[in-house]
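**Student:** Pasted the sequence and its predicted model underneath.
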Amino acid sequence: MRGEIRILRRGEVVKLSGISPTLTLLDYLRLTERATGTKEGCAEGDCGACTVVLRRLRGERLVYEPVNACILFAGQVDGCEIITVEDLARDGTLHPVQQAMVDLHGSQCGFCTPGFVMALFALYHRADTRPVDRQRVNDWIAGNLCRCTGYRPIVDAALAACAETANDWFSTEEPDVRRTLGDLKDSEDIFIGTRERFFAAPASITALAKLYFSHPDATLVAGSTDVGLWVTKQLRDLPKMIWLGRVKGLEEIEDRRDAVSFGASVTLAEAMPYLAALDRDLGELTRRFAGTQVRMAATVGGNIANGSPIGDLPPALIALGATLGLQRGDRPRTLPLESYFLDYGKQDRAPGEFVRVVRIPKFGEGEHFRCYKISKRFDSDISAVMGAFKLRLDGTRIAGARIAFARIAFGGMAAIPKRARTTEKALIETYLDRPDTLEEAIEALAQDFSPIDDLRASAKYRLDAARALLRRALAEIGGASTRRTRVVGFREAADVAPA
Amino acid sequence: MSLQLDRRSEELRLRVVRRPLRHDSAAKHVAGSATFVDDIREPEGLLHIAAGGVPAASGQLLGVDLAAVRAAPGVVAVLTAADIPGKNDVGPVVHDDPVFVESRIEFYGQVVFAVVATTREQARRAAKLAKVAAAVGTHCVSVDDALAAGSHILPDCTFRKDDSAAALAASAHRVKGQLRIGGQEHFYLEGQVSLAIPGEDGDMLIHTSTQHPSEMQHLIAGMLKVPVSAVTVEVRRMGGAFGGKETQAAQWAALAALAAQITGRPCKIRLDRDDDMCLTGKRHDFLSDYEVGFDAEGRIQALETVMASRCGYSADLSGAINDRAMFHADNAYFLPAATITTKRMKTNTVSNTAFRGFGGPQGMMVAERAIDEIAWALKLDPLDVRKRNLYGEGRDITPYGMLVEDNILPALLDRCEVTSDYRARRRKIAAFNAQNGALKRGMALNPVKFGISFTTTHLNQAGALVHVYQDGSIHLNHGGTEMGQGIYIKVAQVVAEEFGVDADRVKILATSTAKVPNTSATAASSGSDINGWAAKNAAGAIKERLINFAAGAYDVVPSQIEFRDNRVFIGNQSVPFAELIRKAYLARVSLSSTGFYKTPKIHWDPATGKGRPFFYFAYGAACSEVLVDVTTGEMKVQRVDILHDVGRSLNPAVDIGQIEGGFVQGMGWLTTEELVFHADGRLLTHAPSTYKIPCASDVPEHFNIALWDGANREDTIYRSKAVGEPPLMLAISVFAAIADAIHSLNPDKAVPLDAPATPESILRAVQAVTS
Ligand SMILES: Cc1cc2nc3c(=O)[nH]c(=O)nc-3n(C[C@H](O)[C@H](O)[C@H](O)COP(=O)(O)OP(=O)(O)OC[C@H]3O[C@@H](n4cnc5c(N)ncnc54)[C@H](O)[C@@H]3O)c2cc1C
Ligand code: FES
Ligand code: FES
């Protein structure tokens, strides 16, 4: 058992033992350290002004992860090095990323700038994002808002700085940092505080199960991209916090021939390549899920566990036929993902029970998948409507194929992510090349859903859009090029320039 | 001829202005060392403030139970209206903006008390503990509500030119329509923040993020009941403002000052993002009706429009904003006859305020929609209709009686048409649309003509203060505030040019009411125009003294003295600038001067609605192409070509930054940015999770910006033009392009597209033209 958090900061190992469970990393930096280069623009993970970089070991790899300090609790950075904007320049020389921002006029008011600099610093250090092109940069900074520049100079600075492979003073010190971070690694459970008020980070599933069983009133925290906002926005006091980030086994990804499984604490960023490999649209959905910083923290388990009616993964995973593994004490159980969602704010999860794993079956013969997200802004927005469609077609020919099986789920259309069972039924025995046979099924959506009006869209729009998405899925699975069916996220590679 | 030659050689001599120098704080921005108000090292004993509001949009305050607030941990003081020694008001024009509600509730969340505590978190938590009782009244939330209830904040106002009713009746064609234009949240990245530090004798120093230090100073003095001279307001930089930190900074600065006066300790308030969005004013949304009469070629004969705006609960700057909407309801087009009316509606919502363009964009939207209506009705290319209606020879009097003398739009539009390859792309788009069902492309090329000057004439004045120290370093102050727009570097370039030294010799200092008094807001795009001249006049005065001194000391005639390359050339010798300064000091020459400027030529008579409110116009054009999914309403901007007029640029890098940033901000206003209010008056979109400003991927991949190269015909500072606001309106071309794409579905119908063109708004317009 360890009673403190250990971080690497500016070459020193810093130990924090008396921290409040809800102290955010941003407040730690700005108020405790008085390192005010990192800014607060929203305190909810949407603007990126608070971006810092965690240099950490993921397995054997030393990685640079940009995260939003505003909604990350200080305890969650245990075992990481924290790099902030003040740390980049050395001996009066700006870092290449900073210099490019200066040279290319990437700042105006400068308030968003530290966040951009840190996001770009992480991009600069990530080999997995090379070669860096405009699209990559846009994706990478989708979680950074700038109200002044219109982004063009920032993107240009990113392209200029990332044209070379990373070679800066941070690269030079990597062997040392790897060693220090390696030394910090242990398999101790962390417990700071008292039985009434604590921050705990169990290191094994057994320890987690035991702790949560005896404190079913504790708040589980995975990436804290939801929980963080309860603190910064609703000022909720969360006296007992159990962080899942150290639980060995929850971070596992199992990629088998017939299924891929994600442990509950797998982040969206880590899951992304696997989801993209399952289907291009899943990759695109994940790309449009929040921004980079949020995806670095947010977990697959958290996205499911929170039971949100507008979470992006649940409808997609329901359509894919995923199953959910839960555990309470030493009792595991498995259920179809759709059965987990009972009603608004209500899930099939007992006190002291936690989500352990989600298992997604791979595609069988003749199976096709599409999913679409509709939001006011393409990147880093919450869905107004999210539709996911899995069809199995009879025969090998696509054109003229008969639909043998359909699983369809929507987000934003009901109080929970929900299957369109009437529609699914109506689709069976219809033919993709005979639109007249499909119309009835499309109309059936109105029987499956009675959505509501809210700030993202009206009920009428939601139903209209749901119909349009189903129609789009049928057209695409029937062979239509996505160049003729959508305005972003094409499945065909080649880009068509504007007129 | 000789004048032109003079100009050319003067142009060739320029060393510092015209250069694309970096923002003076760029290196600090990227290193995290640029200090914003919340970053100032906290003074010992600092207290933090949080405000508490009413849970209703209207009615009477019955009582506030603050016992639990006072008892909360860390609370040092709780303030209400009763604690204000002077006026409970921070209204800029009409005095109707209370710091604290006393009895009448005007909008949801309106501040009724403030908690002062040891930490910000304690203050925020304590503020939640108040029990506020209110007798809820009836309220208006939308413009429609206010129109139905006849709820006005200011009287209606009309410009008339000729008999528009008769001209409409006589027109070969006429079309009527209605356009809804949404409001806009500023979403400056740095929220409202103020730090007040009490001094001796009741003095107060306030660091705040505001575009209008002098107004803060005056309002705070009135509230604290101290002379204006006791209050100093200082602004080093803002993390964005866009109009939202002109009047809207006042309440928070006032709270900080009041708390500091009462506790005797430094006090800071920084609004949480949600509070900032719920409690500060935004761009006015408008509901505009219009009727346009035109001939068979599409030439406008008459325009009548009634534009009703949501002003919110108080007058704020709504008068001038609505005026500017009227000044721009013609945009670039000659209206032989017009009746232009604005209705300034009172609603129980935050008081709407200045926002880049200041009503101009909303007025211009009507003109651009009217032109599209004409094109749709006559089945003409909208660009042809636009060109036919531009101001021109003999067609050059605006509806408010100003002669348009500097119109470069015919040539500018032609050039933009060529560089954007408008005609060929039109054909390609038509072919694409003929072959596609779900996807449609659209394109539009729209001009912008924007009037430069405060329409409240007396505001067009500025001051500056320049010191030269014995080592030749130069200290510069002026009334302009830095919000990212680059005014500090531009004005420093002007001063450096005057002294013939490098720009980095000029030390730029925080804007302070103690240095330059009685300043106007940094607003109306006028900052560099007026402060640039004031600073040039200040530097010029010192330079003249130096020339006189050198002429005597070196026995040459003044015309033989030139300042350049950090040296002073005197006859056939030269000395380093610093050396001349040292000599001048020893010879007891004053090395400090103020400078002043007032914009010439302008006058305005509100009673008759006639005059010359603008010194000049800034022009531009943008051609935008979009791709629309007409089944879902999703839309992507594909390509944008901009040609914009900044006169002779003081700093082209800064100007291009303003053009790009303004355009993207305007695009957000008209597409993704939607303010949604609950019927009970609460703003529902009060954070970036729900209010979506553009992000990087929304910027068109093909984004071409060019500057129109031509001097301002008016004698502005180095013949440059203002650039802060006009580019925002270039984004109207995106909106028009979306309408154009929808129009391809049914060429027989006008497209009733409302702004913002969210997917839902687009789908609604699609359904309207296809039903
Ligand atoms: C800026 C921003 C953008 C976002 N964009 C999107 C988006 O595009 N699409 C989308 O779907 N969501 C989005 N979200 C929401 C959020 O990121 C996701 O829901 C995320 O997946 C939550 O994961 P987390 O690990 O951060 O959860 P946490 O915040 O740590 O936890 C969320 C909830 O789940 C519970 N929980 C977590 N793990 C477990 C577990 N293993 N067992 C039981 N309970 C558990 C927690 O107790 C809590 O109630 C966004 C959030 C932010 C801040
Ligand atoms: S402050 Fe906006 S994301 Fe953290
Ligand atoms: S430079 Fe001002 S927000 Fe980006």
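**Tutor:** Yes, it's here. Ligands and ions are numbered 1, 2, ... in the order given.
**Student:** Look at A:Arg349 and say how many residues are nearby.
**Tutor:** 16 (other Cβ atoms under 10 Å in any protein chain shown). (Glycine included, C-beta is placed from N, CA and C.)
**Student:** among the helices and strands of the chain, which one scores worst on average pLDDT?
**Tutor:** Because you didn't say which chain, this covers chain A. Ranked by mean pLDDT, DSSP states H and E, the weakest helix or strand in chain A is helix A:435-448, scoring a mean of 94.
**Student:** Get me the contact residues on chain B for ligand 3.
**Tutor:** For chain B, the residues in contact with ligand 3 (Cβ under 6 Å from any ligand atom) are B:189, B:240, B:484.
**Student:** Export these to JSON lines and append columns for distance to ligand 2.
**Tutor:** Converted to JSON lines, these look like this (distance: Cβ to the nearest ligand atom, whole Å):
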{"residue": "B:Leu189", "distance to ligand 2": "8"}
{"residue": "B:Gly240", "distance to ligand 2": "14"}
{"residue": "B:Gly484", "distance to ligand 2": "18"}
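**Student:** out of these, who's nearest ligand 1?
**Tutor:** B:Leu189 (15.0 Å; Cβ to the nearest ligand atom).
**Student:** Next, B:Ala325: secondary structure please.
**Tutor:** helix (DSSP: H, G, I helix; E, B strand; the rest coil).
**Student:** and it, how many neighbours does it have?
**Tutor:** If we define neighbours as other Cβ under 10 Å, then B:Ala325 has 30 of them.
**Student:** biggest helix in the chain, by residue count?
**Tutor:** No chain specified, so I'll use chain A. Ranked by residue count, the top helix of chain A under DSSP state H comes out as helix A:459-477.
**Student:** hm, I was asking about chain B
**Tutor:** Assigned via DSSP H, chain B shows its longest helix as helix B:527-554.
**Student:** Show me what that helix is packed up against.
**Tutor:** strand B:461-468, strand B:474-478, helix B:487-499, strand B:561-564, strand B:567-570, helix B:577-586, strand B:592-598 (3 or more Cβ pairs under 8 Å, 6 or more residues apart in numbering or on different chains; DSSP states H and E).
**Student:** Give me the mean pLDDT for the longest one.
**Tutor:** Looking at helix B:487-499 alone, the average pLDDT works out to 97.
**Student:** Buried ones in the next helix or strand after that helix, by neighbour count?
**Tutor:** Going down the chain from helix B:487-499, the next helix or strand is strand B:506-508, by DSSP states H and E. By 16 or more other Cβ atoms under 10 Å in any protein chain shown, the buried positions in strand B:506-508 come out as B:506, B:508.
**Student:** Give the rounded mean pLDDT of strand B:506-508.
**Tutor:** 93.
**Student:** List the neighbouring strands of it plus their orientation.
**Tutor:** strand B:474-478 (parallel) (DSSP bridges).
**Student:** Determine how far the partner strand lies from the middle of the whole chain.
**Tutor:** Put simply, strand B:474-478 sits 24 Å off its chain's centre (Cα atoms, centre = their mean, to the nearest Å).
**Student:** Same question for stretch A:281-289.
**Tutor:** 9 Å.
**Student:** Nearest spatial neighbour of whichever residue of the stretch 401-550 of chain B sits closest to chain A, chain-adjacent residues omitted?
**Tutor:** Using Cβ to the nearest Cβ, B:Gly484 is the residue of the stretch 401-550 of chain B that sits closest to chain A, at 2.8 Å. Counting by Cβ to Cβ, 6 or more residues apart in numbering or on different chains, A:Cys109 is the residue found nearest to B:Gly484 once chain neighbours are left out, at 2.8 Å.
**Student:** which element is that neighbour on?
**Tutor:** Counting by DSSP H and E, A:Cys109 is found in no helix or strand.
**Student:** Parallel or antiparallel, list what pairs with the strand or helix carrying B:Leu627.
**Tutor:** Using DSSP H and E, B:Leu627 sits in strand B:616-629. If you go by DSSP bridges, strand B:616-629 pairs up with strand B:439-452 (antiparallel), strand B:635-645 (antiparallel).
**Student:** For B:Phe735, which of the helices and strands packed on helix B:527-554 is the nearest?
**Tutor:** With Cβ to Cβ, the closest approach to B:Phe735 among the helices and strands packed on helix B:527-554 belongs to helix B:487-499: 29.3 Å.
**Student:** Report the distance from the closest one to the chain centre.
**Tutor:** That offset, for helix B:487-499, works out to 22 Å (Cα atoms, centre = their mean).
**Student:** Kindly provide the distance from the residue nearest to B:Ser649 when sequence neighbours are not counted to B:Gly724.
**Tutor:** Spatial nearest neighbour of B:Ser649, chain neighbours left out: B:Asp655 (4.8 Å); criterion: Cβ to Cβ, 6+ apart. Per Cβ to Cβ, to the nearest Å, B:Asp655 is found 10 Å from B:Gly724.
**Student:** tell me the secondary structure for A:Phe199?
**Tutor:** With three-state DSSP as the basis, A:Phe199 sits in strand.
**Student:** Correction: the previous question concerned B:Pro600.
**Tutor:** coil.
**Student:** Compute the number of surrounding residues for the residue of the stretch 151-300 of chain B found nearest ligand 3.
**Tutor:** Nearest to ligand 3 in the stretch 151-300 of chain B, going by Cβ to the nearest ligand atom, is B:Leu189, at a distance of 4.0 Å. For B:Leu189, the count of nearby residues is 31 (other Cβ under 10 Å).
**Student:** show me the contacts for it.
**Tutor:** Applying Cβ atoms under 8 Å, 6 or more residues apart in numbering or on different chains to B:Leu189 gives the contacts A:39, A:41, A:47, A:49, A:109, A:111-112, A:145-148, B:239-240.
**Student:** now with 10 Å?
**Tutor:** Going by Cβ atoms under 10 Å, 6 or more residues apart in numbering or on different chains, B:Leu189 touches A:39-42, A:47-49, A:109-113, A:115, A:144-148, B:36, B:238-240, B:273, B:484, B:688, B:693.
**Student:** tally of neighbours for the closest residue to B:Ile452 other than its chain neighbours?
**Tutor:** Counting by Cβ to Cβ, 6+ apart, B:Ile452 lies nearest to B:Ala722, which is 4.6 Å off, once chain neighbours are set aside. B:Ala722: 27 surrounding residues under other Cβ under 10 Å.
**Student:** ditto for A:Ala297
**Tutor:** 26.
**Student:** if I look at the residue of the stretch 301-450 of chain A found nearest chain B, how far off is ligand 2?
**Tutor:** The nearest approach of the stretch 301-450 of chain A to chain B comes at A:Arg377, 4.0 Å away (Cβ to the nearest Cβ). Look at A:Arg377 and ligand 2: by Cβ to the nearest ligand atom, to the nearest Å, they are 16 Å apart.
**Student:** what does A:Leu29 give?
**Tutor:** 11 Å.
**Student:** next one: B:Gln658
**Tutor:** 24 Å.
**Student:** Repeat that for B:Leu476.
**Tutor:** Distance from B:Leu476 to ligand 2, by Cβ to the nearest ligand atom: 33 Å.
**Student:** With adjacent residues omitted, what lies nearest to residue 305?
**Tutor:** You didn't pick a chain, so chain A it is. Of all residues not flanking A:Ala305 in the chain, A:Val355 sits nearest, at 4.7 Å (Cβ to Cβ, 6+ apart).
**Student:** Wait, chain B was what I had in mind.
**Tutor:** B:Tyr290 is the one closest to B:Thr305 (Cβ to Cβ, 6+ apart), at 4.2 Å.
**Student:** name the helices or strands packed onto the one helix or strand that neighbour maps to?
**Tutor:** B:Tyr290 belongs to strand B:286-294 when assigned by DSSP H and E. With contacts defined as 3 or more Cβ pairs under 10 Å, 6 or more residues apart in numbering or on different chains; DSSP states H and E, the packing partners of strand B:286-294 are helix B:143-149, helix B:164-170, strand B:173-181, strand B:300-312, helix B:318-327, strand B:338-346, helix B:360-378, helix B:382-389.
**Student:** Determine if any part of the third one is in contact with chain A.
**Tutor:** No: using Cβ under 10 Å from any Cβ of the partner chain, strand B:173-181 stays clear of chain A, with a minimum separation of 14.9 Å.
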